[in-house]
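Peer 1: here is my input, please return the structure:
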Amino acid sequence: MSALISLNAADLHADGTDITAGPWLQNVTETEFTVMWVTEGKCLSWIEIAPDDGTPFEASERQNVFQSMAGKRWTGTSHTVRVSGLQPGTSYRYRILVREVIDDSNPYGSIYGKEFTSSKGGTVTTMDYTASSCSFSMVNDMHDRKDLYRNLTYPVLDADPDFLLLNGDIVSYVTSIDTVINHTFDPIRELAADVPVVFARGNHEGRGADSYKVADLFKTPTGEFYYIFRQGPVAFVVLDGGEDKPDSNVAYSGLADYDAYREAELEWLEDAVKDPLFADAPVKVAVCHIPSLRFPDSWYSQIWINEKFNPVLNSAGVDIMLSAHHHRHFLVEAGECGNDFPILVNSNMERLDFVSTDGKIDIKVYNADNEMTHSYTFLPR
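Peer 2: Numbers count the residues shown, from 1 in each chain. Coordinates of the predicted model:
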């Protein structure tokens, strides 16, 4: 992993080329990755990518990659660049280049400011389905607590995980999309530049006037909040439980349509678990913010997920589900409520570290002082 990236004078420009958020990595596969960032003003912005071979960037074989839409390079304040044609399990360096758009009112002659090479960038390693192990860290239910979020994730900087999993409710409400950026990526900016951020939506990310924009910050293989992906021996199915109360609840102001959304997701799930990317993996993990369990006091969506998702996950041979939502740590053993797999619920005060190698799953849980509080070993079904 690259060294900590700090903001310095070279990154601050009165002309609008200041990178105010990011970069953060999304949708890393064996052959591609996406990098995202935000600039203060409207810019033409792109990345240079080079092999992570130890040579100076300027002496490397570099490639410029732009964001484009329908054949035209993108200018704006929110930037998303997708890089493809890469090799599995290979590390690449990238850095951001920016040109401020001073005036684009003339259809045949935009005026630009000086080109600026940012010190911001990072190193990304593509996934490798043949790798012998998979490791990641997970946090959830931060609810805007930036200091706790940073304290929990800071030790991950030295751990070199395959990705960081955010299992929902990182914010309490999406009254502004800037709030999501500020509370999701800013506290982990040194980490997010080098380590892919995998996102499972929580019910609170569906609340607020800008909640419709959350999907723009997280790129997935399906374009939805539910998808599958794989690293090494482990395949993941990421699910979205939606809101936790009935659509008719007064709190949703008549805007909730989660029953239909979950039904469409269920139809997708029945096919997704048959995809060789998932079905052929030695270890199978389900991720869902709201756990698929049923207790006497379980709320509406939790019962729905238990009744509808569990049979599909059982048949697919899922080995474990990682969940959140309850703000406390507990383990539901296989067979307790229609689940053929254990369901591990992480608290809102701890980080979960996952490693799978040699056909088993090792999980350790740490508090904000990086003290281990729980430890488990699970064998695949």
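Peer 1: when you work out contacts or count neighbours from here on, use the C-alpha atoms and nothing else.
Peer 2: Will do.
Peer 1: what's opposite Phe236 in the beta bridge?
Peer 2: Phe229, Val285 (DSSP bridges).
Peer 1: thought it was touching Ile228?
Peer 2: Yes: between Phe236 and Ile228 there is a contact at 5.4 Å, judged by Cα atoms under 8 Å.
Peer 1: common neighbours of these two, please.
Peer 2: Common neighbours of Phe236 and Ile228 (criterion: Cα atoms under 8 Å, 6 or more residues apart in numbering): Phe278.
Peer 1: I figured Thr373 hits Tyr366, correct?
Peer 2: Yes: Thr373 lies in contact with Tyr366 (Cα under 8 Å); the separation is 5.5 Å.
Peer 1: now Leu44: how far from Ile181?
Peer 2: As judged by Cα to Cα, to the nearest Å, Leu44 and Ile181 stand 21 Å apart.
Peer 1: do the same with Val345
Peer 2: To Ile181, Val345 is 25 Å away according to Cα to Cα.
Peer 1: likewise Gly242?
Peer 2: Where Ile181 is concerned, Gly242 sits at a distance of 21 Å (Cα to Cα).
Peer 1: which one's more surrounded, those two?
Peer 2: Neighbours of Gly242 and Ile181, each counted by other Cα atoms under 10 Å, are more numerous for Gly242; the result is 25 against 18.
Peer 1: look up the closest residue to that one, ignoring the ones flanking it.
Peer 2: Asn203 (5.4 Å; Cα to Cα, 6 or more residues apart in numbering).
Peer 1: for that neighbour, what are its contacts?
Peer 2: 168-169, 241-244, 289.
Peer 1: more neighbours: Thr373 and Tyr366, which one.
Peer 2: Per other Cα under 10 Å, whichever of Thr373 and Tyr366 has more neighbours is Tyr366, with 17 against 12.
Peer 1: hey, what's the more buried one bridged with?
Peer 2: Under the criterion used (DSSP bridges), Tyr366 bridges to Arg351, Met372.
Peer 1: who's in contact with it?
Peer 2: Listed by Cα under 8 Å, 6+ apart, the contact set of Tyr366 reads 152, 350-353, 372-374.
Peer 1: just Asp244 next, same as before
Peer 2: Here Asp244 is in contact with 203, 290, 299-302 (criterion: Cα under 8 Å, 6+ apart).
Peer 1: most neighbours, which of these?
Peer 2: Going by other Cα under 10 Å, Ile290 tops the contacts of Asp244 with 28 neighbours.
Peer 1: for Asn348, see how far away it is.
Peer 2: 13 Å.
Peer 1: can you pull the residues that touch both of these two?
Peer 2: With Cα under 8 Å, 6+ apart, Ile290 and Asn348 have common neighbours Ala324.
Peer 1: strands of the stretch 151-300 of the chain, start to end?
Peer 2: For the stretch 151-300 of the chain, the strands defined by DSSP state E, counting those that start in this stretch occupy 163-166, 197-199, 227-231, 234-239, 283-288.
Peer 1: format these as CSV; extra columns: distance to Thr75 and mean neighbour count.
Peer 2: Formatted as CSV, the strands of the stretch 151-300 of the chain follow (distance: least, Cα to Cα, whole Å; neighbours: other Cα atoms under 10 Å):
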stretch, distance to Thr75, mean neighbour count
strand 163-166, 29, 22
strand 197-199, 24, 24
strand 227-231, 29, 21
strand 234-239, 32, 24
strand 283-288, 35, 24
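Peer 1: using a markdown table, lay out those together with distance to Thr77 and mean pLDDT.
Peer 2: Output for the strands of the stretch 151-300 of the chain, formatted as a markdown table (distance: least, Cα to Cα, whole Å; pLDDT from 0 to 100):
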| stretch | distance to Thr77 | mean pLDDT |
| --- | --- | --- |
| strand 163-166 | 25 | 98 |
| strand 197-199 | 21 | 98 |
| strand 227-231 | 28 | 98 |
| strand 234-239 | 29 | 98 |
| strand 283-288 | 32 | 98 |
